[in-house]
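Undergrad: The following comprises the amino acid sequence and a computationally predicted model.
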Amino acid sequence: MKTKTKRVVIFLGTFALSSMIAGSWVPSALAQDPQVIDITAKRFAFSPNEVHLKAGQPVTLHLVSEDVTHGFFSRPLGLDETIPAKQSVDVKLTPRTPGKYSIICDNFCGSGHGNMKMTFVVE
Ligand code: CUA
């Protein structure tokens, strides 16, 4: 009798635990919050300077300028943003086609402006 009770307790315990696990996983999977990618612009580079994305997966780019106003431009990705001095902008992006894309700063920001770029690798 004692052993049977123990088994029931273990069974209910396991059931409760798996329900809790399922409960904590299912809503977050359904919510599908886009992944946030932080990119910092500072004379004369973006950090990080390479980001890997998955085709078809929406992301939010959180672009921050640490100094002056910078641009964030890529024609094939449809990006044409201005990151105001010492401010941030959030941009939603769902890359569709795998490949390597250059993003350039298209807002004159000083002597090294022409070299200010980064790469998105879409897989
Ligand atoms: Cu940064 Cu031009």
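TA: Alright, I've got the coordinates. Residues are numbered from 1 along each chain as shown.
Undergrad: for this structure, what spans make up the helices?
TA: Taking DSSP state H as the criterion, the chain carries its helices at 2-31.
Undergrad: How about the contacts made by residue 58?
TA: 32, 34, 92-94 (CB atoms under 8 Å, 6 or more residues apart in numbering). Any C-beta I mention is one placed from the backbone N, CA and C, and that applies to glycine too.
Undergrad: To clarify, my last question referred to residue 76.
TA: Contacts of residue 76 (CB under 8 Å, 6+ apart): 97, 99, 101.
Undergrad: and these, which of them are in strands?
TA: 99, 101 (DSSP state E).
Undergrad: got the contacts of residue 76 as a markdown table, with pLDDT and distance to the ligand columns?
TA: Shown next, in a markdown table, are the contacts of residue 76 (pLDDT from 0 to 100; distance: CB to the nearest ligand atom, whole Å):
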| residue | pLDDT | distance to the ligand |
| --- | --- | --- |
| 97 | 97 | 26 |
| 99 | 98 | 24 |
| 101 | 98 | 17 |
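Undergrad: Which among the contacts of residue 76 count as buried?
TA: residue 101 (16 or more other CB atoms under 10 Å).
Undergrad: In TSV: the contacts of residue 76, plus distance to residue 44.
TA: TSV is the format used below for the contacts of residue 76 (distance: CB to CB, whole Å):
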residue	distance to residue 44
97	29
99	25
101	19
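Undergrad: quick one on the thing from earlier: out of the contacts of residue 58, which end up buried?
TA: For the contacts of residue 58, buried by 16+ other CB under 10 Å: residue 93.
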